[in-house]
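Trainee: Only the shape, not the letters, is given here:
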């Protein structure tokens, strides 16, 4: 009887602590860190390189509903085209729903924005003249799953969803640099290549 009562108490405590991680008033800390390098096998080829670090903080305004923002830095260099360095701000909203005591599904809506400068890069990878100031604004809706192995840690698998990105480069006279900007719409997910992350809950 004693073992049965202890087991019931342990299960109840686990369920409470998991729910408490996403209840109103809680804070979560996390972020995004990414690095990518791609190099052609052609002779004397230079690598395309990208790097991003965006720490984030979220606050639960209601049970299972969090709002927050990420703030960080982005670097992207493509040989033969451009190099872009930018300050990143990425406000987001997230909704969790329970699957079990330790697993939750979430949907996230983010509005990533980048403000920086663009420079020309030649075929040898050397940086040239400044093309102008760059602005990138997007909207991304993405699903994911969170596993809570302990009271303060959430391990997440996030998937690509639906996103739109507008990128523009303006010269010193605030005119668009033709050919430097683009619009991108992306839809679809690869279940075999999710993004792995960790959030800390307090």
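Mentor: Now that the structure is in, tell me what you want to look at. Please read these numbers as outputs of a predicted model, since none were measured by experiment.
Trainee: Going by C-alpha atoms from here, please, whenever you check contacts or count neighbours.
Mentor: Will do.
Trainee: could you point out the longest strand in this structure?
Mentor: The single longest strand within the chain, with elements called by DSSP state E, is strand 127-147.
Trainee: Quick one: name whatever helix or strand follows that strand.
Mentor: strand 153-158 (DSSP states H and E).
Trainee: Show residues contacting that following strand.
Mentor: 142-149, 194-201 (CA atoms under 8 Å, 6 or more residues apart in numbering).
Trainee: out of these, which are buried?
Mentor: Among the contacts of strand 153-158, the ones that count as buried by 16 or more other CA atoms under 10 Å are 142, 143, 144, 145, 146, 147, 148, 198, 199, 200, 201.
Trainee: Chain neighbours aside, what residue packs nearest to the residue most central in space within the chain?
Mentor: The structure's the chain has its C-alpha centroid closest to residue 32; by CA atoms, centre = their mean the separation is 5.2 Å. Spatial nearest neighbour of residue 32, chain neighbours left out: residue 54 (5.0 Å); criterion: CA to CA, 6 or more residues apart in numbering.
Trainee: wouldn't the one you found be in contact with residue 86 here?
Mentor: No: assessed by CA atoms under 8 Å, residue 54 is found out of contact with residue 86, at 11.4 Å.
Trainee: Show me the common contact partners of these two, please.
Mentor: Contacts common to residue 54 and residue 86, judged by CA under 8 Å, 6+ apart, are residue 73.
Trainee: can you pull out the strands in the protein?
Mentor: 27-38, 48-62, 65-77, 82-98, 103-110, 113-121, 127-147, 153-158, 162-170, 182-187, 195-201.
Trainee: So which elements touch the second one?
Mentor: In this structure, strand 48-62 packs against strand 27-38, strand 65-77, with contacts taken as 3 or more CA pairs under 8 Å, 6 or more residues apart in numbering; DSSP states H and E.
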